[in-house]
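Colleague: got a structure for you, letters missing:
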């Protein structure tokens, strides 16, 4: 029987597959015989390999009736046994009708199973403030021929940073299973600790399958916000001439990063008033912490009573706040008592003089 007419067409005739797997080849049967014909289909395959011919409605068949130039699309399913030999195998599909046969060979390369893990991220770097939570999205894909369990690990992230890896549903994952060709989007949530300096932190995410491993470099631009808050509200001190009083200035680091070398600088004081600051400096004030300065105000005895103003600034390398302390100086108690006694004595003396000489 001579083969001279093409009754079968296929676009893809080559595939790579694993043991104990299935391959599907699509093809088209065409009646090129010039008259109505019944075409019989058959398959030659290696021993123990199962094949099945089906139409696009998934119905199994081996015979088809076609008018001249009519065609029908179909596919052949090939089941590879678990003990198949590694290498190249040929599956031959034959169509015969009206004494004419046409064949096409499909090639299957049987290989050992392997996974090929890949990592991708459209935005591998992000920016965030100290003390905040940030996230980086990453896609993991298996481009190999077999499914695998994928394990994740983060390296080079400082120990003070904490992280979790979550899937699209918000579940925390350390491992997941990826089929061949499968893809999963993950989100790495990173909590940036307080008390660190701004800068750039780079780390590596590793995804490891059974036969492959992928790495991707990720990074965070750490932003710092310096903010100093004065907790003391009433800058008023009442004192007397010749006395020493203390006034407390409480401050808080309300920003995201460390404030260093914090001190109070006296910028202007009235005459006969001297102000000392204790301590001279607060070396470090961590985010959320409070510190206290003590202003020791010395008032000389000769100073007149009244209101005086001490100008000062709270200063660090990253923040400066100006304040004014109102000092209300009152007379000393002994002077007040002496003045009172003097007034009383004068009143008594005037009364005596009036009683003795006033009636004359």
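Modeller: Structure received. Everything numeric in this text was worked out from a predicted model, so none of it was measured.

Colleague: so where's this protein shaky on pLDDT?
Modeller: 1-4, 333-345, 348-360 (pLDDT under 70).

Colleague: Relative to the host helix or strand of residue 184, what are the paired strands and their orientations?
Modeller: In the assignment (DSSP states H and E), residue 184 maps to strand 183-191. Applying DSSP bridges, strand 183-191 is found paired with strand 133-142 (antiparallel), strand 162-166 (antiparallel).

Colleague: Geometric centre of the protein: which residue is closest?
Modeller: Using Cα atoms, centre = their mean, the residue of the chain that lies closest to the mean C-alpha position is residue 135, 1.7 Å off.

Colleague: dump the residue contacts of it.
Modeller: 126, 187, 188, 189, 190 (Cβ atoms under 8 Å, 6 or more residues apart in numbering). Using the backbone N, CA and C atoms, a C-beta is placed for each residue, glycine as well.

Colleague: Would you mind splitting this structure into its domains for me?
Modeller: 8-111, 117-223, 228-334 (automatic domain parsing).

Colleague: quick one: the first one to chain centroid distance?
Modeller: Per Cα atoms, centre = their mean, to the nearest Å, the displacement of domain 8-111 from the mean C-alpha position of its chain is 52 Å.

Colleague: Also the second one?
Modeller: Going by Cα atoms, centre = their mean, the spacing between the C-alpha centre of domain 117-223 and its chain's C-alpha centre is 9 Å.

Colleague: What is the end-to-end distance of it?
Modeller: In domain 117-223, first residue to last residue: 33 Å (Cα to Cα, to the nearest Å).

Colleague: helices or strands up against the host helix or strand of residue 203?
Modeller: In the assignment (DSSP H and E), residue 203 maps to strand 199-208. If you count contacts as 3 or more Cβ pairs under 8 Å, 6 or more residues apart in numbering; DSSP states H and E, strand 199-208 packs onto strand 117-120, strand 148-155, strand 213-223.

Colleague: Next one: the closest residue to residue 257 other than its chain neighbours relative to residue 128, how far apart?
Modeller: Leaving aside its sequence neighbours, residue 257 sits nearest to residue 224 (Cβ to Cβ, 6 or more residues apart in numbering; 3.6 Å). From residue 224 across to residue 128, the span is 11 Å (Cβ to Cβ, to the nearest Å).

Colleague: before we move on, the earlier item: isn't the residue nearest to residue 257 right up against residue 287?
Modeller: No. With contact defined as Cβ atoms under 8 Å, residue 224 does not reach residue 287; the gap is 9.6 Å.

Colleague: mind giving me TSV with the contacts of residue 135 and columns for distance to residue 317 and neighbour count?
Modeller: Listed next are the contacts of residue 135 as TSV, based on distance: Cβ to Cβ, whole Å; neighbours: other Cβ atoms under 10 Å:
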residue	distance to residue 317	neighbour count
126	27	15
187	37	14
188	33	21
189	32	15
190	28	21
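
Colleague: Could I get the full set of helices for the stretch 251-360 of the chain?
Modeller: Along the stretch 251-360 of the chain, counting by DSSP state H, counting those that start in this stretch, helices occupy 333-357.

Colleague: picking that back up, distance to residue 346 for the domains of the chain - can I get that in JSON lines?
Modeller: Listed next are these as JSON lines, based on distance: least, Cβ to Cβ, whole Å:
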{"stretch": "domain 8-111", "distance to residue 346": "119"}
{"stretch": "domain 117-223", "distance to residue 346": "68"}
{"stretch": "domain 228-334", "distance to residue 346": "18"}
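
Colleague: quick revisit: so which of the helices and strands packed on strand 199-208 gets nearest residue 109?
Modeller: Shortest distance between residue 109 and the helices and strands packed on strand 199-208, using Cβ to Cβ, is found for strand 148-155: 20.3 Å.

Colleague: Does residue 148 have any beta-bridge partners, and if so which?
Modeller: For residue 148, the residues forming beta bridges with it (DSSP bridges) are residue 178.

Colleague: Could you give the number of residues near it?
Modeller: The tally of other residues near residue 148 (other Cβ atoms under 10 Å) stands at 23.

Colleague: Please report the distance of it from residue 185.
Modeller: According to Cβ to Cβ, residue 148 stands 18 Å off from residue 185.

Colleague: Same question for residue 307.
Modeller: Distance check for residue 307 against residue 185: by Cβ to Cβ, it reads 67 Å.

Colleague: More neighbours: which of the two?
Modeller: Comparing residue 307 with residue 185 by other Cβ under 10 Å, the one with more neighbours is residue 185, at 13 against 10.

Colleague: Apart from its neighbours in sequence, what residue is nearest that one?
Modeller: Of all residues not flanking residue 185 in the chain, residue 139 sits nearest, at 5.2 Å (Cβ to Cβ, 6+ apart).

Colleague: How about residue 290?
Modeller: Nearest residue to residue 290, sequence neighbours excluded (Cβ to Cβ, 6+ apart): residue 252, at 4.6 Å.

Colleague: Hmm, residue 231 and the one you found touching each other?
Modeller: Yes. With contacts counted by Cβ under 8 Å, residue 252 reaches residue 231, the gap being 5.6 Å.
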